[in-house]
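>>> model the following, please.
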Amino acid sequence: MKLSNVIEDKFIGTFIGLSLGDALGAPYEGGFIERFLWKFFSKTPTGKMRWTDDTQMSIDLANILEKNTIDQKPLF
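Numbering: from 1, shown residues only. Next up is the predicted model:
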């Protein structure tokens, strides 16, 4: 296995762990109102679990780094 494949596998594993942890931990974050609302909005209309802004920011940052540029516009 090439080193680049090992590094890519580690990044993919990191994002899978981050996304799962985010989705599974989201119902326990925030105050009463946030936890209450999450019960209604935690799944998409097709029944898939949603991720929070933490995972979305990580995805956006990875996309920027993949292009080898520093572009802040997609992060705002």
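>>> where does pLDDT dip in the protein?
1-3, 71, 74-76 (pLDDT under 70).
>>> name the single longest helix found in it.
Counting residues, the longest helix in the chain under DSSP state H turns out to be helix 3-25.
>>> now the helix or strand that comes right after that one: buried residues?
Proceeding N to C from helix 3-25, the next assigned helix or strand is helix 32-41, under DSSP states H and E. For helix 32-41, the buried set under the neighbour-count rule, 16 or more other C-beta atoms under 10 Å, comprises W38. Bear in mind the C-beta positions are built from the backbone N, C-alpha and C, glycine included.
>>> beyond helix 32-41, next helix or strand please.
Counting by DSSP H and E, what follows helix 32-41 is helix 53-66.
>>> what's the angle from that next one to helix 3-25?
160 degrees (axes from the mean of the first three to the mean of the last three C-alpha atoms, to 10 degrees).
>>> so which bits of helix 53-66 are buried?
So, applying 16+ other C-beta under 10 Å, buried residues of helix 53-66: T55, S58, I64.
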